[in-house]
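A.B. asks: Fold the following for me, if possible:
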Amino acid sequence: MTTQSIRHTRTMTHAAKVGGAAAAVLALLTVNACSAAETGGTSKTVNLHTPSWVGAEVNTAVAAYLLEHELDYKVSTRQMDETPAWDAMSQGKIDAILEDWGHPQEEKRYVEGNKSVVSAGELGVTGHIGWFVPKYVADEHPDITDAKNLNKYADLLKTPESGAQGQFIKGDPSYVSHDNALIENLGLNYKPIEAGAEATHLAQLEQLYKNKKPFLTYWWTPQWMNATMDLVEVKLPPYKEGCDTDKKAVACAYPDVPLKKWMNADFAKEDSEAARFLKNFRWTTEQQNLVAKYVAADKMTPEQAAEKWVKENEATWKAWMPKK
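C.D. replies: Below is the predicted model:
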């Protein structure tokens, strides 16, 4: 919506000045009213969290693409670790987290406590963390797939970094992990070695796998590299409710985690098209892994990967669109 500019002249009478001022005020009010009507009275900007791992990164990329191209929002993204993201969301600096692997302390503080964060439903993907070895190792040593037998294979899995102990390859230090406690509490003769950020971890495993080297590692699903590496899970003592409450005493497997979405409470309360869309956003592990593969293996940008998936899967994302 546009307005004509008001030109002042030296010969303008007092009445003309008053009339011109009134017209300008009326024009400004008209523009503001039009803008409010177009945005539903709220800003057309959405701030989304971008995690450090590619699977969750593509959640944000696909959501951002649809918000911008289908709902005419401007999307701003902020990449940070999981716990700081919760803090930022509670303060309204981030509107939504689209993939959460479980943060009970933050839920207690922000969801149950000051009620600054609310649930936005499930993502549709179930996350699972565990310990894994390559299938070629499991084929040669079938009993290695039970943690009770791991000490038998410490020599097989030792490296210069781990010395006389077997090496356990840890994941990104920002990820949910109980591995140090598990190794100690299960009495395992292994030294946990951090691989670094996810990209470094994946590159290390890819090289080991290519060379058919034995390794024991922290691993998870969804993860696009499950399509390129055949890994077998090592059985840990079964998970029971509450067995991981005391982080120093953990001696059980990781639980399966239906991955959740969360929103800033004020953002959710607006009930905007963006908020309703993000609540509706739900896809499968296979769909996420496919878009992650576009980024990690096919070297697309997240935006290119999102555009490709959106153009080829209209029937899926149309169901996420808020009803008018």
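A.B. asks: Just give the number of residues close to Ala268.
C.D. replies: Burial of Ala268 is recorded as 20 neighbouring residues (other CB atoms under 10 Å). In short, each C-beta sits where N, CA and C put it, glycine included.
A.B. asks: which element is it on?
C.D. replies: According to DSSP states H and E, Ala268 maps onto helix 265-269.
A.B. asks: for that helix, packing partners?
C.D. replies: Applying 3 or more CB pairs under 8 Å, 6 or more residues apart in numbering; DSSP states H and E, we find helix 265-269 packed against strand 117-134.
A.B. asks: Return the set of buried residues in the strand it packs on.
C.D. replies: By neighbour count, with 16 or more other CB atoms under 10 Å as the criterion, the buried positions of strand 117-134 are 117, 120, 123, 125, 127-134.
A.B. asks: cool, stretch 148-158 as well?
C.D. replies: Within stretch 148-158, the residues that qualify as buried by neighbour count (16+ other CB under 10 Å) are 150, 153-154, 156-158.
A.B. asks: ok so, going back, rebuild the buried residues of strand 117-134 as a markdown table, extending it with pLDDT.
C.D. replies: Shown next, in a markdown table, are the buried residues of strand 117-134 (pLDDT from 0 to 100):
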| residue | pLDDT |
| --- | --- |
| Val117 | 98 |
| Ala120 | 98 |
| Leu123 | 98 |
| Val125 | 95 |
| Gly127 | 92 |
| His128 | 94 |
| Ile129 | 95 |
| Gly130 | 97 |
| Trp131 | 98 |
| Phe132 | 98 |
| Val133 | 98 |
| Pro134 | 98 |
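A.B. asks: okay if I get those as JSON lines plus distance to Ala296?
C.D. replies: Shown next, in JSON lines, are the buried residues of strand 117-134 (distance: CB to CB, whole Å):
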{"residue": "Val117", "distance to Ala296": "30"}
{"residue": "Ala120", "distance to Ala296": "26"}
{"residue": "Leu123", "distance to Ala296": "19"}
{"residue": "Val125", "distance to Ala296": "17"}
{"residue": "Gly127", "distance to Ala296": "17"}
{"residue": "His128", "distance to Ala296": "19"}
{"residue": "Ile129", "distance to Ala296": "19"}
{"residue": "Gly130", "distance to Ala296": "21"}
{"residue": "Trp131", "distance to Ala296": "22"}
{"residue": "Phe132", "distance to Ala296": "18"}
{"residue": "Val133", "distance to Ala296": "22"}
{"residue": "Pro134", "distance to Ala296": "19"}
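A.B. asks: quick revisit: and which of the buried residues of stretch 148-158 is nearest Ser76?
C.D. replies: Ser76 lies nearest to Leu157 out of the buried residues of stretch 148-158, by CB to CB, at 44.5 Å.
A.B. asks: Excluding chain neighbours, what is closest to that closest one?
C.D. replies: Gly166 (3.8 Å; CB to CB, 6 or more residues apart in numbering).
A.B. asks: hey, where'd the helices end up in the stretch 1-150 of the chain?
C.D. replies: For the stretch 1-150 of the chain, helices defined by DSSP state H, counting those that start in this stretch occupy the ranges 14-39, 54-69, 82-90, 104-106, 135-140.
A.B. asks: circling back: what's the next helix or strand after the helix holding Ala268 in contact with?
C.D. replies: For helix 265-269, the following helix or strand on the C-terminal side (DSSP H and E) is helix 273-280. In this structure, residues lying in contact with helix 273-280 by CB atoms under 8 Å, 6 or more residues apart in numbering are 40, 46, 63, 66-67, 71, 73, 95-96, 98, 120-121, 261, 263, 267-268, 319-322.
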